[in-house]
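**Student:** Next one to model:
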Amino acid sequence: MGSQTVESTVVVADNGPGDGCAEMLETRFPLVKRVGFAGSNLGFGTAINRAVMAEGEGPVILLNDDAVPEADFIENLLAVHGASGAAMVAGILIRRGGGTVIDSAGIVSDRSLTAWDYLTGRPLAAAEGAPDPLGPTGGAALFDRTAFEQVGGFDERIFLYYEDLDLALRMRLAGHDCRLAAGATATHESSATLGRNSAEKYFQTGFSRGYLLRKYGIMRDPGLAAKVLVSDALAAGVQAVLDSTTAGAKGRISGWRAGADLEPLDLPLDRLEPVSLRRHMGARLARRRHPAR
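**Tutor:** Sure thing, here's the model as predicted:
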């Protein structure tokens, strides 16, 4: 992480094979605490849940392993949390090699649960005075520990992608707010985990999409269902034509089935934007060019 202006406990949730990064941490970063899982990859949310239970106290601050924070990253997150009392604080990820272009300043979503990265592609200056997002991206976030634990942390059925959207929705339903910390920035290497436009990434994003559609009962609304079918069919078609894969469609089906036993949750409709198919397409095209997560 590099030097920070405030002291903190640094914990690595190590999903790597074998001993993962254990030797590197022991030799180069002996003060860093590691929570490993016997060589098993539990997925993002499950690993974070285990690390939060095992180590630390006070606010939970998350930073992706492909992001490098500025020295005052933690200080700025804590300052916004302390001043506002908000249970969620969104940090800002800056595109590597992009100067001061924002990759993500949190997440926003419409009522079909099509989500996109807040302020993506905008200059960093746009974050000053900007409205707050729905919630923080899991790659640069602060959560109040008590609130995080009360809502059950991340949903462990989601292996990777959109677990932060789901957590933000549940935090909002529990009455918690989010604030944007314009000064808490980190440089981000986008899609370093699975690679841009890879079949595995499409499957995981598709799974999460299908699962959340069922978890929140989106398809019970005929109007929303029609827009979801059009938008998602177009997305799957683009993947099939340009990337020669149907993994995204298969993931959606798998995720839908995984949520079959759930009682659908309500949505915090006042926090979600109206559905616009034009914006859906624009967001998907932007994601292909600069996939932030």
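
**Student:** Name the residues of the strand or helix carrying residue 238 that are buried.
**Tutor:** Assessed by DSSP states H and E, residue 238 sits inside helix 222-243. Buried residues in helix 222-243, counted by 16 or more other C-beta atoms under 10 Å: 224, 227-228, 231-232, 235-236, 239, 243. Where you see a C-beta, it was placed from the backbone N, CA and C, and this is true even at glycine.

**Student:** Let me know the closest of those residues to residue 73.
**Tutor:** residue 235 (33.2 Å; C-beta to C-beta).

**Student:** which residues of the stretch 51-200 of the chain fall in strands?
**Tutor:** 60-63, 67-69, 88-95, 102-104, 107-109, 115-117, 140-143, 178-188 (DSSP state E, counting those that start in this stretch).

**Student:** Now do the contacts for the closest residue in space to residue 154 that isn't next to it in sequence.
**Tutor:** Leaving out its chain neighbours, the residue that sits closest to residue 154 by C-beta to C-beta, 6 or more residues apart in numbering is residue 45, at 2.8 Å. Applying C-beta atoms under 8 Å, 6 or more residues apart in numbering, we find residue 45 in contact with 138, 153-156, 158-159, 163, 167.

**Student:** let's see it at 6 Å
**Tutor:** By C-beta atoms under 6 Å, 6 or more residues apart in numbering, the contact set of residue 45 is 154, 156, 158, 163.

**Student:** Next: residue 39.
**Tutor:** Taking C-beta under 6 Å, 6+ apart as the test, what residue 39 contacts is 17-18.

**Student:** likewise the one 4 residues further on?
**Tutor:** Residue 43 makes contacts with 159-160, as judged by C-beta under 6 Å, 6+ apart.

**Student:** From residue 21, how far off is it?
**Tutor:** 17 Å (C-beta to C-beta, to the nearest Å).

**Student:** just residue 163 next, same as before
**Tutor:** 22 Å.

**Student:** The two - which one has more neighbours?
**Tutor:** residue 163 (24 against 17; other C-beta atoms under 10 Å).

**Student:** nearest residue to that one other than its sequence neighbours?
**Tutor:** The shortest distance from residue 163 to any non-neighbouring residue, by C-beta to C-beta, 6+ apart, is to residue 45 (4.1 Å).
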